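Asks: using only what follows, build the 3D model:
(4 chains)
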Number of protein chains: 4
Amino acid sequence: MSPVHTPHLLPAHACLIVQGKDTPGIVAAVSAMITRIGGNIVAFDQYSDDARGGAYFQRVVFHRPNFAADRPQIEQEVARTLADFELAWELTDQSVPKRMAILASKQDHCLLDLLWRHRRGDLPVTIPMVVSNHTTTAEDVRSFGVPFFHVPSVTGPDKAASEAEILKLLVGNVDFVVLARYMQILSGDFLSQLGVPVINIHHSFLPAFIGAEPYKKAKERGVKLIGATSHYVTDDLDEGPIIEQDTVRVTHAESATELARRGADVERQVLSRAVLWHAQDRVLRDGNHTIVF
Amino acid sequence: MSPVHTPHLLPAHACLIVQGKDTPGIVAAVSAMITRIGGNIVAFDQYSDDARGGAYFQRVVFHRPNFAADRPQIEQEVARTLADFELAWELTDQSVPKRMAILASKQDHCLLDLLWRHRRGDLPVTIPMVVSNHTTTAEDVRSFGVPFFHVPSVTGPDKAASEAEILKLLVGNVDFVVLARYMQILSGDFLSQLGVPVINIHHSFLPAFIGAEPYKKAKERGVKLIGATSHYVTDDLDEGPIIEQDTVRVTHAESATELARRGADVERQVLSRAVLWHAQDRVLRDGNHTIVF
Amino acid sequence: MSPVHTPHLLPAHACLIVQGKDTPGIVAAVSAMITRIGGNIVAFDQYSDDARGGAYFQRVVFHRPNFAADRPQIEQEVARTLADFELAWELTDQSVPKRMAILASKQDHCLLDLLWRHRRGDLPVTIPMVVSNHTTTAEDVRSFGVPFFHVPSVTGPDKAASEAEILKLLVGNVDFVVLARYMQILSGDFLSQLGVPVINIHHSFLPAFIGAEPYKKAKERGVKLIGATSHYVTDDLDEGPIIEQDTVRVTHAESATELARRGADVERQVLSRAVLWHAQDRVLRDGNHTIVF
Amino acid sequence: MSPVHTPHLLPAHACLIVQGKDTPGIVAAVSAMITRIGGNIVAFDQYSDDARGGAYFQRVVFHRPNFAADRPQIEQEVARTLADFELAWELTDQSVPKRMAILASKQDHCLLDLLWRHRRGDLPVTIPMVVSNHTTTAEDVRSFGVPFFHVPSVTGPDKAASEAEILKLLVGNVDFVVLARYMQILSGDFLSQLGVPVINIHHSFLPAFIGAEPYKKAKERGVKLIGATSHYVTDDLDEGPIIEQDTVRVTHAESATELARRGADVERQVLSRAVLWHAQDRVLRDGNHTIVF
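Replies: I've put the predicted structure just below:
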């Protein structure tokens, strides 16, 4: 069984993420603990920056009958095992889908691609809602059986009210948020009150063409490849930790509009991979970097 | 430290390859053993086909002071630890380069690429010899400080004598052999007497265009991509376990000669990756498949 | 203006395709003729296999006010101009969309991708109908405003009747047909009565893995890349002229099911490019080859 | 015959580059002229930004017996033909190789790759000299039969003297210059006195990571792809017209040193393509853009 590469939920499987100070013996301690609690490791990934005193990152998926029922005792066992190390850890139930909200604007390519991948069983999430500052995609979204909420975007002093309305919809109801070409900048206040990870798709190969209109800038610079970047959103626009990127070849004969059309295919591919990996607890954050297992 | 991704030799590091019947507890047993012998895991990869009774594959690189000197005791410890499992294992010293022979014919692109990568320190091997059925590359090879031996190819009854001459050069002196566009078919007898792995580069995306003149066949079929495949050599021509493949886009306007020119770049890239991974003990064989960690 | 790279219809533009025996003076004759009739060349592509007596292929897009109204006289002028050459030619109106029917089965990824690209204006075609041997996609298809017809597939003696029913729907109503993972083999009789080009998507990098279950075969062979191929359908299964191909990297850890999931993304990309290029008269057939301008 | 895609010199072939104001009738005028002088078009590419009054670019390769001998009359004919258009033009003899100098520093990967491609007949140029500010590659360069000149780099007031020494070697002897990871910035004075095109390879996907140490910056930003860019050198560092770019996938596990090792392969591929295309007169400059036919 290779749970690592299936997009499906895994009954009676848990994922243990561990990260912190690298110290000899972590693998031995964790794997002995999993054997002790009656678990069987089915996927194991680790990465260390430097063997003596560097940073350590680990993702273990294990099968454990009755994991959900016995979770409290298992968490105690993990805490006990890792008490001697300087490590943060998180234990997730791989049979439980994460709840993903999508924020979108007028463009539908990333939005519909995620909805369609979810429907065919390729994303292990639930989608409790789509929120948009436009109504153009409402009918499409609802045809997938997903609730659609319209929150018009406002600028100036009422922006806070608009963000508050979105927060009211999201907080407590979702585990992460995807900006599927959402053309509004979210305030730092919004992000901190939201309290869950936010994944964005930027329509360029970052750090090239930060900010607005990257395809226009790409045309002006005369690049021979265009790209897309999916990253976690932070206070610094287009500066958050990169999860995934890709590029596609273009020529002098393609206008900025044509670049945007070509780029749309890259954007939806890159975003869908970032979302899948996040949903599977494969993406560990380390400052402004990601470790993708 | 990430020994996994550096092409350099690693002093006081060992690699333990384990493969066989999947059973719960392997990771725990191996990692506890490594801690017990004073080792520290720096890279860990595993793959299992099915959690209950399937096939299991594991590669662990660990740092252990005085590994070379203490190797006999460590091997005993590994044997003891794995006695209860149905697993084959192999322990290699990551500070010792494998000895790689190259067999070549007239074409120089794969041959020179390997020699050049070795010289700049990108391949953790030694190259005790190049053997060729032509003399065209002799001067180039020797300019890299590598011995060149000429063994003319013969067909008919004397082929065995020619192969025997090559065997005399290779056996005992090399740990693996690379066919860098060597245009002779090696007999089953040769392979079994040689007794070390042989890596070939085939100039097509296998299993398309098996056999001779793949670029000509690719042109005739009108494909829009051409490729290259590096694989371990077995008795079945072009049917051995695939290590690495890649493709490149071509158009209707390119002749078979042009495809060969374009393909040469893919061949040397694909072969160099396969050689690097083999030299680092990253490639595990499972029947006609490979697991590449 | 670069009509070559926009997916949109071009008012008052014509495309002249010319192919046949290569003879000096074709470019001069055609371009002089276009100037003579008041046209302006906006895209020009040509390819010749051999300058003296080989095969010649040319695609010219030109702007000509009132092209539609004056088409009869223009066609006479083309015929007169090319009378001295051994060339076949075809003149199309780039302001008129081709009528494309889609045949599908249960799988929806290629089908929905084409419908969605059409809706957002990225395919210069009309879609008068989708015909399927299953009803699973009916509601989705109709939500795009496209008629859906269900013709159950039958084997044995009634297959001809089933094909006749499909022919009745298609003949006279469509300019080309796309098999969007249509899991039935069309008879030679069907193809000849249909009389318009049929484009298929095969879920492998042809000529590797011809026939059924290519992802299963790919897993068994242990390839490191999987691919997809779009080609014109001929009497020989999976042997028709290739229009477009692409590949994507996979690993040992992915099952045949996972390969199919990963391949679905390549299939819809490859098919959409083949359809776009065909719709723009960019694909010239030369026996079992294509010239893609 | 498809001269467009062969790297070889073409006896009795000429290339006519035309660029300027787009006007109806250019194709007709040029192709009629070529027929008139007894030429036969074997490759024809054109691109226009806008059909009415935009910019026009055209590359025509034609076969013409005795081209070299009759060149003066043919040039008069071209001048006469294009007199009525607002176009610049250039006529080159495709049987004459361009003379290419290479400037290099310590790193050998781009330098040796170009020398090796040239030796195997894949670059239609001569290489009259390699100039380096280090002596490390002297022996290798000379083993290819190419003269090597050492001009130490100096900073401060003597930089001009050093540049003057290089100019003395180059001016009049070469048709273009390639900076094969030459780690010195050339002054604007140098460029203007040199008077021939200079092609550079930058070790990043421009405009990302302009300036020094791009791999270090790429590691710090945590990108998932690294790239290389070949461009014409202008007074603005890393801002010249881009000829070719490419990228390759990397992971969190690779250090900046490892990125540099991986990037070296992309650099030599990208640079070799840019050099080939320039040598074949395929690259037209339009301000800070290139048209690559």
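Asks: residues of the helix or strand of chain A with the lowest mean pLDDT that come out buried?
Replies: Lowest by mean pLDDT, DSSP states H and E among the helices and strands of chain A is strand A:40-48, with a mean of 92. Buried residues in strand A:40-48, counted by 16 or more other CB atoms under 10 Å in any protein chain shown: A:Asn40, A:Ile41, A:Val42, A:Ala43, A:Phe44, A:Asp45, A:Gln46, A:Tyr47, A:Ser48. The C-beta positions use only the backbone N, C-alpha and C, and glycine is treated the same way.
Asks: stretch A:251-270 too?
Replies: Buried, per 16+ other CB under 10 Å, within stretch A:251-270: A:252-255, A:258-270.
Asks: quickly check: the next helix or strand after the least confident helix or strand of chain A near chain C or not.
Replies: Next along the chain after strand A:40-48, taking DSSP states H and E as the criterion, comes strand A:55-63. No: counting by CB under 8 Å from any CB of the partner chain, chain C is not contacted by strand A:55-63; separation bottoms out at 12.4 Å.
Asks: tell me the pLDDT of A:Pro24.
Replies: For A:Pro24, the pLDDT comes out at 88.
Asks: for A:Leu271, same thing?
Replies: pLDDT at A:Leu271 comes out at 98.
Asks: now it, what's its secondary structure?
Replies: The three-state label given to A:Leu271 by DSSP: H, G, I helix; E, B strand; the rest coil is helix.
Asks: and it, how far from B:Gln245?
Replies: Plainly put, A:Leu271 is 27 Å away from B:Gln245 if you go by CB to CB, to the nearest Å.
Asks: more neighbours, these two?
Replies: Comparing A:Leu271 with B:Gln245 by neighbour count (other CB atoms under 10 Å in any protein chain shown), the higher total belongs to A:Leu271, at 28 against 25.
Asks: gap between the more buried one and chain B?
Replies: 25 Å (CB to the nearest CB, to the nearest Å).
Asks: that residue and A:Ser230 touch, don't they?
Replies: Yes: using CB atoms under 8 Å, A:Leu271 is in contact with A:Ser230, at 5.2 Å.
Asks: now for those two: what residues contact both?
Replies: A:Ile199, A:Ile201 (CB atoms under 8 Å, 6 or more residues apart in numbering or on different chains).
Asks: re the thing from before, contacts for the least confident helix or strand of chain A?
Replies: Outside strand A:40-48, the residues touching it (CB under 8 Å, 6+ apart) are A:1-4, A:13, A:22, A:26-27, A:31, A:34, A:54-64, A:291, A:293, B:1-2, B:24-25, B:27-28, B:41-46, B:48, B:51, D:252-253.
Asks: same question for stretch A:208-226.
Replies: A:202-205, A:227, A:237-239, A:247-252, A:254-257, A:259-260, A:262-263, A:266, D:205-208, D:227, D:241-247, D:288-290, D:292.
Asks: and stretch A:191-202, by the same measure?
Replies: Counting by CB under 8 Å, 6+ apart, A:110, A:167, A:170-171, A:174-182, A:186, A:214, A:228-235, A:238, A:240, A:243, A:267, A:270-271, A:274-275, A:278 sit against stretch A:191-202.
Asks: what residues sit buried inside it?
Replies: Buried-residue list, stretch A:191-202, by 16+ other CB under 10 Å: A:Leu191, A:Leu194, A:Val196, A:Pro197, A:Val198, A:Ile199, A:Asn200, A:Ile201, A:His202.
Asks: three-state assignment of the first one?
Replies: Secondary structure of A:Leu191, reduced to three states by three-state DSSP: helix.
Asks: find me the pLDDT at it, would you?
Replies: 97.
Asks: write out the residues of the stretch 1-150 of chain A neighbouring chain B.
Replies: Going by CB under 8 Å from any CB, the residues of the stretch 1-150 of chain A near chain B are A:1-2, A:24-25, A:27-28, A:31-32, A:34-35, A:40-52, A:54, A:63.
Asks: picking up where we left off before, make a PyMOL selection of the buried ones in the contacts of strand A:40-48.
Replies: Remark: buried members of the contacts of strand A:40-48, expressed as a PyMOL selection using 16+ other CB under 10 Å:
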select buried, (chain A and resi 1+2+3+4+13+22+26+27+31+34+55+56+57+58+59+60+61+62+63+64+291+293) or (chain B and resi 1+2+24+25+27+28+41+42+43+44+45+46+48+51) or (chain D and resi 252+253)
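Asks: element containing the residue lying farthest from the centre of chain A?
Replies: If you look at how far each residue of chain A sits from its centre, by CA atoms, centre = their mean, the farthest one is A:Ala253, at 34.8 Å. Counting by DSSP H and E, there is no helix or strand that carries A:Ala253.
Asks: give the contact list for the closest residue to A:Asp113 other than its chain neighbours.
Replies: Leaving aside its chain neighbours, A:Asp113 sits nearest to A:Arg268 (4.0 Å; criterion: CB to CB, 6 or more residues apart in numbering or on different chains). Residues near A:Arg268 by CB under 8 Å, 6+ apart: A:His109, A:Cys110, A:Asp113, A:Leu114.
Asks: what's the neighbour count on the second one?
Replies: When counting by other CB under 10 Å, one arrives at 27 neighbours for A:Cys110.
Asks: now the first one
Replies: Using other CB under 10 Å, A:His109 has 22 neighbouring residues.
Asks: circling back to that earlier point, wait, which of the contacts of A:Arg268 is closest to chain C?
Replies: A:His109 (7.4 Å; CB to the nearest CB).
Asks: what about that closest one, distance to chain D?
Replies: 21 Å.
Asks: so what are the domain limits for chain A?
Replies: Domain assignment of chain A by automatic domain parsing yields the ranges A:3-93, A:98-292.
Asks: by mean pLDDT, show me the worst of these.
Replies: domain A:3-93 - the lowest mean pLDDT of the domains of chain A, at a mean of 92.
Asks: so the least confident helix or strand of chain A versus strand B:55-63, what angle?
Replies: Strand A:40-48 runs at 30 degrees relative to strand B:55-63, counting by axes from the mean of the first three to the mean of the last three CA atoms, to 10 degrees.
Asks: may I have strand A:40-48 exported as CSV, CA atoms only?
Replies: Extracted as CSV, the C-alpha positions of strand A:40-48 are listed here (Å, rounded to 0.1, in the frame of the first residue of the first chain):
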residue,chain,number,x,y,z
ASN,A,40,2.5,-0.1,11.0
ILE,A,41,4.5,2.5,9.0
VAL,A,42,3.4,2.8,5.4
ALA,A,43,5.2,5.9,4.4
PHE,A,44,8.2,7.6,5.8
ASP,A,45,10.0,10.8,4.7
GLN,A,46,12.6,12.8,6.4
TYR,A,47,14.9,15.6,5.6
SER,A,48,17.7,17.2,7.7
